[in-house]
Structures are given as structure tokens and as C-alpha cells.
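> Take a look and give me a structure for this.
(2 chains)
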Amino acid sequence: MDDMPETAALTTRADAGPAGAPRNRKAPVYLDYQATTPTDPRVVEAMLPYFTEKFGNPHSRNHAYGWESEEAVETARSQVADIIGADPREVIFTSGATESNNLALKGVARFYKDRKNHVVTCVTEHKCVLDSCRHLEQEGFDVTYLPVRQDGLIDLDQLREAITDKTVIVSIMAVNNEIGVIQPIKEIGAICRERKVFFHTDAAQAVGKIPLDVDEMNIDLLSISGHKIYGPKGIGALYVRRRPRVRLAALITGGGQERGMRSGTLPTPLCVGLGAACAIAKAEMGAEAERLRMLRDRFYEGIVERLPEVYVNGDLEQRIPGNLNISFAYVEGEGLMMGIKELAVSSGSACTSASLEPSYVLRALGVDEELAHTSLRIGLGRFTTEDEVDYAVEKIAGEVERLRQMSPLWEMAQEGIDLKSIEWAEH
Amino acid sequence: MAYSDKVIDHYEHPRNVGSLDKNDDSVGTGLVGAPACGDVMKLQIKVDAEGIIEDAKFKTFGCGSAIASSSLVTEWVKGKSVDEASTIKNTEIAEHLALPPVKIHCSVLAEDAIKAAVADYKAKRDDDDKIEAAE
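As a prediction, the model looks like this:
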């Protein structure tokens, strides 16, 4: 616990009790930890004083209220820096990973636009990266969208080929939000450094789950989200390397806070929360990863024992332990979700499940459209228990069996009819 | 998305799930939709000598609204003549189930399924008539 500063006011996991687990028996079992996480009670505890008695503006230089807040913010900054092996001066607070990704891409591209005009990213990035790139294209930048292999990972040779003299930045996510696969960040960093191109990684789903070191991995910019790591919503951070220096054009201007890169009064309680969340995640990462892997294996084995024709999307090894994305052939995902209301899971990604299109991430892996329609994302996390996993297996397997009995595709497959041989009327 | 009580009822207690013998001349089979679009409906009708639908079965791959739409039409077509059944409109299905706009296509598919099943039945009849005429 030595590396956890006092402001975090941390208690041990056992002391924290079962908070975060569904308190209300009727509440669904939460298995959507890639969408968001409950704020850890230890994080909330650390934040609370900064809403009330310690309410000062961290930028007020003239009195104790300001100094007290500033000290808390700087402690939090150190905690954030610590989890990625950075210097605290290289961390700036933002409203979340979406802002961090916008700032990294638009900020860097616009700052260097007189010399360079090319950006490299990947088709399975989060929508906020892809959309930032679309905006840059409208501003005249060229963007290369690298494909992914069937395992969900980029091909390093294709990355090497994509980088030109005009490339200013490469942005590749560390961990995918839908399929949980881990990109070869260290190798990508080495390629970018060799070619003298900035490397940004969206690490919203990676921080606190896999070890990250910005120096060892040659990362120049890295995005962090608070609410994905048991911290509060509305706060994130962007790591911006000082040596060699990365410069960027601010998106939000004003009082020049955060070294001019992000103006606005820092939300002290949220900063403290993000810091505490990072400190806890770092201290517990090893044991937690092992526990989650056990739970995930238990879930997966339980499912395949009961059900034939289930397919994992994305590489199972190069993957964070808390994620499974599974296609249950012949059963449509949205229909399945309706039958498992006792579980909070995701069909496709939460960002896109309002539309009827199957996930663009699964499509990019080359998953057949029909299989993409049958996928669920199961996200296990800090408060997931063995009982919940067993319950989920029981519910999902039972409902898939019921819906398969109702599925004309399952019936045809059982009769040995090749579904691809049929001329379907696409509608 | 919030589903209507009727959709939930049909989803949880689907009527007439199953299959009829598709090689039986009195059975018409409609298979509509596409797996790649996320909806496939199979609707089968069994027609008696008077041209009245005496039984109907369905199987559906799709969301709750698609399952409910097909379950509902199996109830509606029973006891109707094949021509009466063909007049069922998707708007009636959507209205009965209170489908939201993004789910209207489920009711369209159910209407198409009825029409396809009736067409299949009539095609079989025509073939039989031709065979009988030839004899």
C-alpha cells in the first residue's frame, strides 16, 4: 500500500465489502464492464471531501482553499502518471477518453499541418477516433484505415507500409472495446519511433487491466477514461510526451490550464477519483487479472459444455481477461438479450446497438454477417462473482436452447442444409 | 428498448412454434428474410379441402418483435381462407403489437411470410391440377 498516497484513503478489498454487486435482488446481474464500471466505494470515499469542505479552486493561488485543492489534483496526477510509467507533468486532465482522443488526433494533426498531412489508424477503433479522423479528412488530411486480421489484430507489415514522410501520427487502440483484443503496442511503438512518427494509443479499455509503460512502449500520447476503471464518469486524461516533445493545438481555450492544452477549472473531486481509481487498479492488477481469467474460463467452459456452435470473436489469448465476445449461431442477439433480462450484457457495442446494423468491429474481423447478428459481449469485472457467472451460464444456455428450437436456421442446419446455398431475399 | 406487453407475451409464450411437413400438398411454406439482415421467418399453413387454413406453424430467427409478429400471424390466419389470410396487412400487425418505428420491418416480414406461404400452397395446387388434368 506504500505506493498509494494518503488522499486516496484506501481500504482493502475485504473492507470494502460486496458493494458494487447488485444490491437489489431484482436488479440484473451486471456483465457489461466494458461499457462502464461502478465507481469503487474506496474511490467515492476519497472524492467526497472535495465536494464539500475542500471545495477550493485548484487554480486559486492566494489562499489555503486553492492550495489544498491543487495539492489533491497534483497527487491525483501522480497516481495517473504512475500507472503508465509517465512523469506527472506529462498528464493532462480531460472530460474523458472521447475528449482525449479528439485532442490527441485533432490537436497533433492541426499543430503540425504545415509539414505533415497524413494520419494512420485502424478500422476497429472506437467511434470517437474514427469520427475525429473523418473530421480531419474534411480539413484536408489523408487518413489510412488499416484493416485487421481475423484475430482482430493489425498486421505490422501493413503498418510499416502505410507510414510515409507525410505521416504525423499513428493512432492504434491498446485494447478493443468490443472484443477485448490487445494490439501489439510495444511493436507499434518501436515502428513509430524508428520512423519518427508520433504514436497515440486509446488505452481506455487497457489501463488497469494490462501493464502499460509509455517509455518501454514508445507511446507519445495515451488516452485514459475514469469510468472504465472504477472511477467517476466525466473525467479522463491524456498523456502527452515531453521528450521528445509532442505539441498540439488545444481544442478548448481559455485560462490556459493544463499547460495550455486544456483550459477550464479542473474538477477536483473527479481528478481525485481518477487518481484513486488508478492507484487501486495498479495495486490490484495482477491478482485481479488472474481472478477474472478464472471467471472467464469458468463462463466459457460452462457455455461450450452446454451449447454446440458457439464461436469466440477475436483472439482468445491476446485479450484482456474480463472480456468475451461470443456468437451463438442461429440465434439473433437482440432476441437473445430479451430472453436474458436478468443479465445486463451488450449485443454489439453499446454505442451502435441502437442501429440494426451488425457491429462494424465484427464485420472488420471478417465475421459473417449472420454470425455477427448472433453475438453478445460479456464483460466481467471487479465485482463479478462466481455465483453470478454460473447464473449467467444457466440463463444464456437455457435461452439459446429455447430460441434455437424456435429458429428456422437451426432447423435447416440440423437437416444438413447449407444456409449459404439458399438465395435469401435481402431486405 | 421497451417492448410492449403484447410483444413480451408472444416472445415468452410463442403460439404455434414448430414445423409442418413441407412435402404435404395441403401445406404451404413461406421462408422470408435473410440471416445477414438478422431476420428469417418460416411460416407454414395447412389448408383443408374447403380452402380454410386449419393449422399454422412458425419458426423465426430474429428479435423479439420478429418473433411476436410471426407468432401473432399464426393465430390470425387460422380459420381464415387462404385469400382472406392474404389480405392481412403489416400495419394491422404493427398496430396490434404496438411496434416502434424501427421494428415496422418485422411486421412487413410477417405479411410477406403469409403471402409466400399462400403462394407456395397455390403453386402446389396448380401443379396437382395440371397432373390431374393430364391424367
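> Every contact and neighbour count from this point should use C-alpha atoms.
OK.
> got the end-to-end distance for stretch A:103-115?
Taking CA to CA, to the nearest Å, stretch A:103-115 runs 19 Å from one end to the other.
> And it, how far out from the chain middle?
23 Å (CA atoms, centre = their mean, to the nearest Å).
> Contacts made by it with the rest, please.
With contact meaning CA atoms under 8 Å, 6 or more residues apart in numbering or on different chains, stretch A:103-115 is reached by A:116-117, A:119, A:129, A:132-133, A:136, A:166, A:168-169, A:171, A:200, A:221, A:238, A:246-251.
> The longest helix seen in chain B and chain A, any residue contact?
Secondary structure of chain B per DSSP state H: the longest helix is helix B:104-134. No - judged by CA under 8 Å from any CA of the partner chain, helix B:104-134 and chain A are separated, with a smallest distance of 8.8 Å.
> So which of the contacts of stretch A:103-115 belong to strands?
A:119, A:168-169, A:171, A:200, A:221, A:238 (DSSP state E).
> Return the closest of those residues with respect to chain B.
Nearest to chain B among the ones in strands among the contacts of stretch A:103-115 is A:Ser171, at 31.2 Å by CA to the nearest CA.
> hang on, isn't that closest one packed against A:Val123?
No - here A:Ser171 lies out of contact with A:Val123, judged by CA atoms under 8 Å, at a distance of 10.9 Å.
> and chain B, which of its residues are near chain A?
So far as CA under 8 Å from any CA goes, chain B lies against chain A at B:12, B:17-18, B:32-42, B:58-64.
> Just the buried ones out of the residues you listed, please.
For the residues of chain B next to chain A, a burial check counting by 16 or more other CA atoms under 10 Å in any protein chain shown picks out B:17-18, B:32-42, B:58-64.
> Chain neighbours aside, what residue packs nearest to A:Tyr65?
Closest residue to A:Tyr65 apart from its sequence neighbours, by CA to CA, 6 or more residues apart in numbering or on different chains: A:Gly56 at 4.5 Å.
> Check the secondary structure at the one you found for me.
The assignment at A:Gly56 comes out as coil when based on DSSP: H, G, I helix; E, B strand; the rest coil.
> Look at it and report its pLDDT.
Looking at A:Gly56, its pLDDT stands at 97.
> got the contact list for A:Glu74?
Neighbour list for A:Glu74: A:Pro88 [criterion: CA under 8 Å, 6+ apart].
> From A:Gln405, how far out is the residue nearest to the spatial centre of chain A?
Centroid-nearest residue in chain A: A:Gln205, 2.4 Å away (criterion: CA atoms, centre = their mean). Distance, A:Gln205 to A:Gln405, by CA to CA: 37 Å.
> Within range of chain B, give me the residues from chain A.
Along chain A, the residues adjacent to chain B under the rule CA under 8 Å from any CA are A:330-336, A:338-339, A:357, A:368-370, A:373, A:403, A:406-409, A:424-427.
> burial measure for the residue of chain A found nearest chain B, as a count.
Proximity of chain A to chain B (CA to the nearest CA) peaks at A:Gly335, 3.8 Å away. By other CA atoms under 10 Å in any protein chain shown, 24 other residues sit near A:Gly335.
> show me what contacts it?
Counting by CA under 8 Å, 6+ apart, A:Gly335 makes contact with B:62-64.
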